[in-house]
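Participant: Test case, fold it:
(one chain, ligands or ions: 1)
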Amino acid sequence: MESVVERYLARIESGCLPLGAGVVADYIPELARVDPDRFAVSLVVHDGHIYSVGDSDTQFTIQSISKALTYALALRECGVDVVDATIGVEPSGEAFNEISVDHSTRRPRNPMINAGALTAAALLIRPETMPTAPTTRQEWAPHLDAAFARILDFYSGCAGRQLSMDAAVYRSEMATGSRNRAIAYMLQSFGVFPPHPQATVDLYVRQCSVRVTSDDLAVIGSTFANGGVNPRTGRRMVDGQIARRVLSVMTTCGMYDGAGDWVTSVGLPAKSGVGGGILAVLPGQLGIGVFSPRLDEHGNSVRGVRACRLLSEDLGLHMFTVA
Ligand code: GLN
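Facilitator: Next up is the predicted model:
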């Protein structure tokens, strides 16, 4: 039987479906092949129950939502001091793929834009643990595979099921991702990270190509809402301090140059991806996953933003709402 929550979500769906604005990302050619009209919303409440509407079992690539997760894993593996010495936490107000670093520190400004996300991925390759840093692509390959295996295990643990990579999207972005290569080489020239820039881009593109559903995003969100423990499996993925920090950075930087508008109108920590997903979190209470591939000028899902706005208004989710 349909629950009150599901009936409510069906209303959200009918409020969003008429929105036809936005375009599917096509700078990664494989992404242009997705059905632009797909739509799903999922909620995971504090006991781990999933409520969803629409195409909630359609898989799409996580893209930039991965940035929040890899940042969390870098904090867990390397510690806050090492991560803070390499990546800032200041909103940049810039587009996700801006060729940018902080001018005085020469660090990427935050982990939610590509410069910072590439750096977080580079930290996971951990060349400092190797007797001599590899030089060729072949020498890097096993380190890359090991780092990606840990990334996939971490994402899967947050989602509560085994996730996998979309090889076609991975190949498509590797074939066209000159911008990310440019950013990686720029960071190398500033001495931000030592590993091979190509290995770093490869790892980052793999993480962006992990397939998820809106249900997965909502479970991942609920893991962070719950202080780092997946409420469905009981597995602790990060400690409470890391969960709090990731949510803080998502609040200020997660929606790129649309972040200010988002915080004002929706008021939830969130992260979007050009695959059409948005993950949003109400700390202590709720994980939200939304999927709809048409994007606005910032690269955020048009219907996804609308759905989150409606949820926030109707349910009074804005984090600065005083009861
Ligand atoms: N893989 C994409 C890129 O780096 C992710 C961008 C995004 O989702 N905003 O260009």
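
Participant: buried residues in stretch 80-91?
Facilitator: Using 16 or more other CB atoms under 10 Å as the test for burial, stretch 80-91 gives 83, 86-89, 91. Yep, even glycine has a C-beta here, placed from its N, CA and C like the rest.

Participant: Sitting in helices, which of those do you find?
Facilitator: Judged by DSSP state H, helices contain the following of these: 83, 86.

Participant: Where is pLDDT lowest across the buried residues of stretch 80-91?
Facilitator: Minimum pLDDT for those is recorded at residue 91 (88).

Participant: Which residues are in contact with that one?
Facilitator: With contacts defined as CB atoms under 8 Å, 6 or more residues apart in numbering, the neighbours of residue 91 are 109-110, 252-253, 259.

Participant: Pretty sure residue 294 sits against residue 304.
Facilitator: No - assessed by CB atoms under 8 Å, residue 294 is found out of contact with residue 304, at 9.1 Å.

Participant: Check the contact lists of those two and give me the overlap.
Facilitator: Common neighbours of residue 294 and residue 304 (criterion: CB under 8 Å, 6+ apart): residue 276.

Participant: who's more crowded, those two?
Facilitator: When neighbours are counted by other CB atoms under 10 Å, residue 304 comes out ahead of the other of residue 294 and residue 304, with 32 against 21.

Participant: Work out the gap between the helix or strand where the more buried one lies and the centre of the chain.
Facilitator: Assigned by DSSP states H and E, residue 304 belongs to helix 302-315. Here helix 302-315 is found 18 Å from its chain centre; the criterion is CA atoms, centre = their mean, to the nearest Å.

Participant: Give me the contact status of it with the ligand.
Facilitator: No - for helix 302-315, no contact with the ligand is found by CB under 6 Å from any ligand atom; the gap never falls below 12.2 Å.

Participant: what is the rounded mean pLDDT of that helix?
Facilitator: The average pLDDT within helix 302-315 is 95.

Participant: what helices or strands is that helix leaning on?
Facilitator: helix 4-16, strand 40-44, helix 259-265, strand 277-282, strand 286-291 (3 or more CB pairs under 8 Å, 6 or more residues apart in numbering; DSSP states H and E).

Participant: Can you point out the buried residues in that helix?
Facilitator: For helix 302-315, a neighbour-count test (16+ other CB under 10 Å) marks 302-312 as buried.

Participant: what would those look like in a markdown table with distance to residue 126?
Facilitator: A markdown table is the format used below for the buried residues of helix 302-315 (distance: CB to CB, whole Å):
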| residue | distance to residue 126 |
| --- | --- |
| 302 | 39 |
| 303 | 39 |
| 304 | 34 |
| 305 | 36 |
| 306 | 41 |
| 307 | 38 |
| 308 | 36 |
| 309 | 40 |
| 310 | 43 |
| 311 | 39 |
| 312 | 39 |
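
Participant: follow-up on the earlier one: which one (most neighbours) among the contacts of residue 91?
Facilitator: Going by other CB under 10 Å, residue 253 tops the contacts of residue 91 with 28 neighbours.

Participant: Need the phi and psi values for that residue.
Facilitator: Per-residue torsions, residue 253: phi -130, psi -10 (degrees, to the nearest 10).

Participant: Going forward, count from 297.
Facilitator: With 297 as the first residue, the last one maps to residue 549.

Participant: Could I get the contacting residues of residue 408?
Facilitator: Applying CB under 8 Å, 6+ apart, we find residue 408 in contact with 360, 363-364, 367, 392, 545-546, 549-550, 552, 567.

Participant: For residue 349, give me phi and psi.
Facilitator: For residue 349, the backbone dihedrals (degrees, to the nearest 10) come out as phi -140, psi 150.

Participant: what residues are up against it?
Facilitator: Taking CB under 8 Å, 6+ apart, one finds 302, 305-306, 308-309, 336-338 in contact with residue 349.
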